[in-house]
Structure formats: C-alpha cells, structure tokens
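> return a 3D structure for these sequence lines:
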Amino acid sequence: MNFIKRQERLAYLIELLKQGAVSSPMQIAQKFQVSEKTARNMINTLREQGNAIFYCHKTKKYTIKQ
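Below you'll find the predicted structure:
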C-alpha cells in the first residue's frame, strides 16, 4: 500500500471513530478488510500522530476525544 492511500485510510478511520460508526477491532478489520492486528496497528499509528483514542476493556470499544 502506498503512503497516500494509507493516510487516506487513517483519515477515514478517524472520521468513523468520531461518528461512532466503528468501535471494536473486529469492526475496523471488517470495514477495511484487514486483520484485527492490522486494525490495532492503524489505531496505534493514529495515537502516535497525536489522536486521543482510548479503548475501554469493559465495553470493548474505541472512543476518540475531540
């Protein structure tokens, strides 16, 4: 995957998280047709870029603070 496509996917993932359209690693993996590990790596990349993304183990959902 090239850099531009990767950045577009990450930007789209941020929007989905803000809208509450995806919440679990499995949903993200299904939406982007990747493995759950890749979905978690995408989340970690977004965190490294400064996004406040949290995972609640109780509800098993990601949330993003805007």
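
> return the list of helices and strands in contact with the biggest helix by length in the chain.
What stands out as the longest helix in the chain, according to DSSP state H, is helix 3-19. When contacts are defined as 3 or more Cβ pairs under 8 Å, 6 or more residues apart in numbering; DSSP states H and E, helix 3-19 sits against helix 25-32, helix 36-48, strand 61-65. Yep, even glycine has a C-beta here, placed from its N, CA and C like the rest.

> reformat those as CSV; add distance to F3, mean neighbour count and mean pLDDT.
CSV is the format used below for these (distance: least, Cβ to Cβ, whole Å; neighbours: other Cβ atoms under 10 Å; pLDDT from 0 to 100):
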stretch, distance to F3, mean neighbour count, mean pLDDT
helix 25-32, 16, 16, 93
helix 36-48, 12, 15, 95
strand 61-65, 23, 16, 86
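
> how about these, which one is nearest F54?
Proximity to F54 (Cβ to Cβ) singles out strand 61-65 among these, at 5.4 Å.

> pull up the pairing partners for that closest one, direction included.
strand 52-56 (antiparallel) (DSSP bridges).

> contacting residues around the partner strand?
Outside strand 52-56, the residues that touch it by Cβ atoms under 8 Å, 6 or more residues apart in numbering are L17, I43, L46, R47, K61, Y62, T63, I64, K65.

> tell me if I'm right that K60 and S24 touch.
Yes: if you go by Cβ atoms under 8 Å, K60 and S24 touch, sitting 5.6 Å apart.

> so these two - more neighbours on which side?
Neighbour totals were compared for K60 and S24, and S24 leads with 15 against 11 (other Cβ atoms under 10 Å).
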